[in-house]
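# take this sequence and fold it.
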Amino acid sequence: MDGYAEYVAETAAYEFKPSNVVNLPLVSERRAKRRISGVLDDLKSGQTKLLTRQYTAVLDGCLGDVDEHASEFLDGEIYLRKYRGDDREAFEDAVEDRYRSVCRQLEPAVSSDSQGFWRAFPENCTLEEAVSAFESLFGAHEAARRFEDEIVLAVKIPLTRNEYEYTRESIRAFRAAETEALTQVKGELEDVY
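This next block holds a predicted model:
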């Protein structure tokens, strides 16, 4: 699953459109991305680490005590880290509910004695059940969209003195990345079913 953490983070960075954050007259999307490439690289690196933490918490939760790894999953949720609203408990509950759902759905395959991660799925659940589990795993954008008005993601762009809020664009790009990852996983699953 580590490969998918990096894949989602890279795809989100690729999908990110600076023009959806700040108006840069006469500057192409490609040129704007080059100007902030260092910022995007830092965000991608951080997101890869956080997603790896979350995916590891899911696998560990499937193999052991789900409650024991819930805080690791919550700690890996970037949007929860940047939440500044008054209903943090509701946001935490939504993230934790997603974690528990993913663990419950993936547990039969992850904890099986099958040879190979993907081969465990046809032996332990239907294709539809497996896809549903990964839809939940790649569903961080759903809770983030519900709480987006209280999430503050901002960055200072090099060579400017301005700080730009990019929460909505981040969620949009992350949704696109998770959708692409789900497409990849469906291909992996269809190969073994």
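# now residue 114: how far from residue 104?
With distances taken as Cβ to Cβ, to the nearest Å, residue 114 is found 18 Å from residue 104. Just so you know, the C-beta spots here come from the backbone N, C-alpha and C atoms, and that holds for glycine as well.
# host element of the nearest residue to residue 99 once chain neighbours are set aside?
Setting aside the residues directly before and after it, residue 99 is nearest to residue 73 in space (Cβ to Cβ, 6 or more residues apart in numbering), at 4.2 Å. Using DSSP states H and E, the element containing residue 73 is helix 66-75.
# only the buried residues of that helix, if you could.
66, 69-70, 72-74 (16 or more other Cβ atoms under 10 Å).
# who's in contact with it?
Helix 66-75 has contacts (Cβ atoms under 8 Å, 6 or more residues apart in numbering) with 50, 53-54, 56-58, 60-61, 80-81, 92, 95-96, 99-100, 103-104.
# pLDDT weak spots in the chain?
Per-residue confidence for the chain (pLDDT under 70) gives these ranges: 2, 158-159.
# apply 80 and report the result again.
Applying pLDDT under 80 to the chain flags the ranges 1-2, 22-27, 35-36, 156-161.
# and the strands in the chain, which stretches?
Assigned strands in the chain, in chain order: 154-156, 163-165 (criterion: DSSP state E).
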